[in-house]
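> Sequence and predicted structure below; questions after.
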Amino acid sequence: TTTTTTTTSTTKPAFVMPAPKHFINKPEDAVGEFIEGLLLQYPNALKKLANQNVLLSSTTASENVKLLSGGGSGHEPSHAGWIGEGMLHGAILGGMFASPTVSQILAAIRASSPAGVLLVVKNYTGDRLNFGMACEKANAEGIPCKMVVVADDCALPREKGITGARGVAGTVLVHKIAGAAAAKGATLDEVTAMANKVCSRMGTLGVALDAVTVPGAATMNDRLSKGDNKMVEIGLGIHGEAGMRQASLMSSDEFAKEMVTTIRDFGRFDEESGEIVPLFKSGDDVCILVNNLGGTSNFEMSILVRSIVKQLEEEEGCTVSRILVGSFMTSFDMHGASLTILPLMGDTELMELLDADCSALAWSKCDVWKKEDAATRASATEIPEKEPAESVTAAAAKLPEIQLAAPFDTTAASMLKEAADALVENEPLLTKYDTIVGDGDCGITMKRGATEILSRLDSNTLDLSHPATLFSSLADAVSASMGGTSGVLLELMFRKMSTTVASGGVVDAKAMHEAFQAGVEAVSYYGGATVGARTMLDAMVPAAASLLESGLAAAIASAKEGADSTAAMEVASAGRSNYVGKETLVGTPDPGAVAVALVLEAVGKV
């Protein structure tokens with residue numbers, strides 16, 4: 001007899017990273033479709049080279065030296081975003097993070113300028129080989145062509161391997177400065193020399209909070225999201241290659257210090273001494289390029305810029321005269337940023353080229369701070385806050401005459417006390433209703449406002465001398481105590497009532513009724529709700545109409561009827577009740593509308 005034993009495994013299945021989500025069709029078609037999208041966006045600025053994933057300018061002057069650049073796709077706006085007069089003539093687009101082919105590059109060179117072509121290449125082996133081969137073939141065909149290799153990355157030690165520092169976001173500054181020189185009519189040798197000058201002076205370091213996941217990947221890249229999800233990468237490349245090290249999550253100020261000091265200490269080659277010296281020193285004027293690596297919010301970028309400038313100016317003693325911020329050379333969707341520092345060294349020609357106008361699609365002109373003209377940035381000086389215009393209280397002597405049957409101050413005090421007492425007494429009821437159809441705070445909010453008004457009545461800090469001043473005082477009391485949407489709406493109502501009375505003729509019963517009508521209309525206008533939305537307006541609007549037509553008693557009845565009607569409303573289109581289903585709403589009145597009815601009923605007792 002054979003006995004079969006069945007065992008049930010308790011091993012949990014291995015966690016599988018979810019597939020990435022992108023707006024693409026087929027990964028293999030993505031680059032071509034990206035190019036088609038750009039051509040649609042820029043019908044007058046771009047043209048595609050036939051049979052090649054190459055984009056060329058429709059506008060750059062034909063007689064000048066031309067700059068071409070390119071590389072793998074996924075770094076947008078690099079490189080097509082820099083096409084335009086004063087930067088690139090064309091961009092050669094490889095596959096995602098893959099170098100373009102020699103045939104692509106050579107085709108772009110042939111389609112460019114007989115005056116000469118400069119290839120601006122990032123220091124990656126594939127790019128160097130393919131662009132280099134195309135450069136040599138072009139020269140063999142009689143087309144003057146030179147190549148500049150950008151190696152601005154400061155992440156890895158200088159002695160590490162033969163590949164050297166990677167080319168990263170500082171490449172864009174080479175495009176801008178050398179491109180401006182070409183646009184001014186410089187020769188190929190002059191443009192090349194200027195490009196090499198920029199390369200020799202700048203340094204870049206990137207940091208990332210999350211790794212990049214490219215279109216077509218089967219799963220998301222979780223290299224920085226394992227464990228407690230608080231790891232970051234310092235010095236990574238624009239393809240997501242590992243950098244200097246991984247570290248625990250830092251603050252923006254700590255990131256800035258890490259980036260600035262690493263770039264400074266990586267240094268530059270000093271031709272006079274033949275030694276490596278710090279990239280910048282105290283007293284230097286520098287340009288910084290703070291590059292969004294693709295997935296960082298503008299909000300975060302501005303905070304990081306503040307941290308970087310603070311580190312450079314307060315700790316390093318530099319002047320940051322030019323700040324370029326945005327997406328310049330991304331790593332597709334990476335949540336990270338890079339910093340490029342370019343010491344300007346008093347080089348007037350270089351600064352003029354950097355500041356020169358250009359028509360490149362993605363370039364925004366820098367707002368330059370010239371310290372020699374102003375010791376501090378104009379933006380550091382705040383515009384003085386204006387004193388408020390003459391208030392209702394200050395203008396009391398000019399307020400219209402009161403023509404009401406009863407003394408206003410004593411009547412108003414009595415009405416306010418009755419109304420406030422009613423809200424305090426009925427707080428449990430309003431809270432009960434709001435717990436069912438809202439977020440449960442209506443009763444407490446109304447009670448806070450009522451208690452504040454009672455306190456100000458007792459301390460004689462409500463100005464009861466005139467309806468305009470009273471309504472203004474009530475708005476102040478509500479603002480100081482209630483909070484929430486109800487508080488803002490009631491403050492709006494009282495302020496509108498105050499200005500309506502103050503700007504009218506004599507203050508009689510009709511004027512008071514019209515002021516209430518104006519206040520209710522303000523609540524509807526600014527709050528966006530109307531009758532039937534299941535809000536306090538369902539009591540306010542009919543009450544205001546009845547007050548104008550028939551007086552207070554009719555208004556009280558209309559408010560009660562309006563509040564009761566909300567219990568039968570199956571849908572709320574405004575307020576917190578908007579989130580509540582029909583089954584919960586039906587049978588319970590809107591607490592804001594009930595509060596309005598209670599207040600008017602209390603006022604009617606005086």
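Ah, there it is.

> Quick check: nearest residue in space to residue 183, chain neighbours excluded?
In space, and not counting its chain neighbours, residue 183 is closest to residue 86: 4.6 Å by Cβ to Cβ, 6 or more residues apart in numbering. From N, CA and C alone the C-beta is placed, and that goes for glycine too.

> Hmm, the one you found is touching residue 359, no?
Yes - counting by Cβ atoms under 8 Å, residue 359 is a contact partner of residue 86 at 6.4 Å.

> and residue 413, that's in a helix?
Yes - counting by DSSP: H, G, I helix; E, B strand; the rest coil, residue 413 falls inside a helix.

> Based on its surroundings, how many neighbours for it?
Using other Cβ atoms under 10 Å, residue 413 has 17 neighbouring residues.

> quick revisit: please give me every residue in contact with the residue nearest to residue 183.
By Cβ atoms under 8 Å, 6 or more residues apart in numbering, the contact set of residue 86 is 176, 179, 180, 183, 356, 357, 358, 359, 360.

> same thing but 10 Å
Applying Cβ atoms under 10 Å, 6 or more residues apart in numbering, we find residue 86 in contact with 60, 67, 175-177, 179-184, 353, 356-360, 363.

> Same check on residue 356?
85, 86, 87, 176, 177, 179, 180, 181, 183, 184, 365.

> all strands for the stretch 151-300 of the chain, in order.
Listed in chain order, the strands of the stretch 151-300 of the chain (DSSP state E, counting those that start in this stretch) span 203-210, 231-234, 245-248, 268-270, 275-277, 285-292.

> Can you name every helix or strand that the fifth one contacts?
So the one you mean is strand 275-277. When contacts are defined as 3 or more Cβ pairs under 10 Å, 6 or more residues apart in numbering; DSSP states H and E, strand 275-277 packs onto strand 268-270.

> just the first one next, same as before
Secondary-structure packing of strand 203-210 (3+ Cβ pairs under 10 Å, 6+ apart): strand 231-234, helix 252-266, strand 285-292, strand 335-343.

> Out of those, flag the one nearest residue 201.
strand 335-343 (5.8 Å; Cβ to Cβ).

> how far off helix 252-266 does the closest one point, in degrees?
40 degrees (axes from the mean of the first three to the mean of the last three Cα atoms, to 10 degrees).

> Which helix or strand in the chain has the lowest average pLDDT?
helix 582-585 (a mean of 66; mean pLDDT, DSSP states H and E).

> Helix or strand next in line after it, which one?
Later in the chain than helix 582-585, the nearest helix or strand by DSSP states H and E is helix 591-603.

> What mean pLDDT does that following helix get?
Averaging the model's pLDDT scores along helix 591-603 yields 96.

> before we move on, the earlier item: so of the strands of the stretch 151-300 of the chain, which one's packed in deepest?
Mean neighbour count, computed with mean count of other Cβ atoms under 10 Å, is highest for strand 203-210 among those, reaching a mean of 26.

> what ranges of the stretch 301-450 of the chain fall below the confidence cut-off?
Scanning the stretch 301-450 of the chain for pLDDT under 70 picks out the ranges 390-397.

> same question but for the stretch 51-200 of the chain, I mixed them up
In the stretch 51-200 of the chain (pLDDT under 70), the answer is 161-163.

> Which helix or which strand is home to residue 55?
Assigned by DSSP H and E, residue 55 falls in strand 54-57.

> An error on my part: the question was meant for residue 103.
Going by DSSP H and E, residue 103 is part of helix 102-110.

> okay, now the closest residue to residue 587 other than its chain neighbours: neighbour count?
Using Cβ to Cβ, 6+ apart and skipping the chain neighbours, the partner closest in space to residue 587 is residue 567 (5.8 Å). Residues lying near residue 567 (other Cβ under 10 Å) number 17.

> ok, now residue 121?
Count around residue 121 with other Cβ under 10 Å applied: 27.

> Same question for residue 104.
Residue 104 has 21 nearby residues by other Cβ under 10 Å.

> same thing with the one 3 residues further on?
When neighbours are defined as other Cβ under 10 Å, residue 107 has 21 of them.
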